[in-house]
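Novice: sequence first, then the predicted structure:
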Amino acid sequence: QVQLQESGPGLVKPSQTLSLTCSVSGGSITTNFYYWSWIRQSPGKGLEWMGAIAYSGNTYYSPALKSRTSISRDTSKNQFTLTLGSVAPEDTAVYYCARERFNEYDYWGQGTLVTVSS
């Protein structure tokens, strides 16, 4: 059974950088053809795909967030990390990590609420 768990600060100040880590168990992040995504949901809005890192290490980003987003991984720890710069109150959201293959998300973390406020 694959499990994903997000971790990181629950409160970030405007203009600061947010970093969240997704720890994966029950499966390797380097296994062929899996993509590991970050997805968020702001209050009252739908899910927003932010970006992903592939089994190969290649990264993909939402055009809307590309200038502020970076995704990296630590294969020794089986973790991948989201970095979002210059945060603003509109970045307040529940942030999820998820596994995707063939355009289907089969495992999700429970989500972590991040509030951007001074």
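Specialist: Ah, there it is. Numbers count the residues shown, from 1 in each chain.
Novice: centroid residue for the chain?
Specialist: With distances taken as CA atoms, centre = their mean, the residue of the chain nearest its centroid is W38 (2.7 Å).
Novice: okay, now V116: neighbour count?
Specialist: The local packing count at V116 equals 19, with neighbours defined by other CB atoms under 10 Å. The C-beta positions use only the backbone N, C-alpha and C, and glycine is treated the same way.
Novice: test my guess that it contacts Y95.
Specialist: No: assessed by CB atoms under 8 Å, V116 is found out of contact with Y95, at 11.5 Å.
Novice: mind listing what S62 touches?
Specialist: E48, W49, M50, G51, T69 (CB atoms under 8 Å, 6 or more residues apart in numbering).
Novice: swap the cut-off to 10 Å and go again
Specialist: Contacts of S62 were listed using CB atoms under 10 Å, 6 or more residues apart in numbering, and they are W38, I39, E48, W49, M50, G51, A52, T69.
Novice: just the buried subset of these, please.
Specialist: Buried members of the contacts of S62, counted by 16 or more other CB atoms under 10 Å: W38, I39, W49, M50, G51, A52, T69.
Novice: quick one: the fourth one is in a strand?
Specialist: Put plainly, it is M50. Yes: looking at M50 with DSSP: H, G, I helix; E, B strand; the rest coil, it is inside a strand.
Novice: I'd say it and L65 touch.
Specialist: Yes: between M50 and L65 there is a contact under CB atoms under 10 Å: 5.5 Å.
Novice: what do these two both touch?
Specialist: With CB under 10 Å, 6+ apart, M50 and L65 have common neighbours W38, R40, L84.
Novice: nearest to G109, of those?
Specialist: Each of these was checked against G109 using CB to CB; the closest is W38, at 9.8 Å.
Novice: from T17, how far out is V94?
Specialist: 19 Å (CB to CB, to the nearest Å).
Novice: between those two, which is the more surrounded one?
Specialist: Neighbour count, other CB under 10 Å: between V94 and T17, V94 has more, with 16 against 12.
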